[in-house]
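**Student:** sequence plus the predicted model coming up.
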Amino acid sequence: MQLTDAYDPQNIFARILRDEMPSIRVYEDEMTLAFMDIMPQTPGHVLVIPRAASTNFLTISPEDAAAVMSTAHKLAPAVQHAMQAPGFMVAQLNGSAAGQTVPHYHMHIIPRHEGLEMLGHGTQMADMDELAEIARRIRAALT
């Protein structure tokens, strides 16, 4: 994927937004959607995406970027609390050379624990029941 590639409306995140693919949703509003990463780098890994079509940081509108950041800012403490994590990482990758695997702008919220190594990006499928339970705990921490 090049940073100048046209948006592919058949990418997995676009299909999730249209409910054509399943997801375990954590939070949504009129501009963003947050859901569990099915190949988490650590337990509790959440993705935040804009509803608007954009491939990366260079193509997202400032308003949509602000909305994604606002949602990540709202979710990060809930993720941290739900996972009892002393820290968390927020990451946003642009282009395949940087590790971006889905050509739809997205932000990662990854809980971190001392001594717990992160899995490689997109390497191991999680148990869906476990993801659903983690999502429930994150949603509960939001209220």
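**Tutor:** In hand now; what should we look at? Residues are numbered from 1 along each chain as shown.
**Student:** state which helix of this structure is the longest.
**Tutor:** If each helix of the chain is counted by residues according to DSSP state H, the longest one is helix 62-82.
**Student:** so what does that helix touch, helix or strand wise?
**Tutor:** strand 25-28, strand 32-36, strand 46-50, strand 87-91, strand 107-112, helix 128-142 (3 or more Cβ pairs under 8 Å, 6 or more residues apart in numbering; DSSP states H and E). (C-beta placed from N, C-alpha, C; glycine too.)
**Student:** helix/strand/coil for the most far-flung residue of the chain relative to its centre?
**Tutor:** Farthest-out residue of the chain from its mean C-alpha position, per Cα atoms, centre = their mean: Gly115, at 22.9 Å. Following DSSP: H, G, I helix; E, B strand; the rest coil, the label given to Gly115 is coil.
**Student:** quick check: mean pLDDT across stretch 23-30?
**Tutor:** Averaged over stretch 23-30, pLDDT sits at 98.
**Student:** what is the neighbour count of Gly95?
**Tutor:** Other residues within reach of Gly95, judged by other Cβ atoms under 10 Å, total 17.
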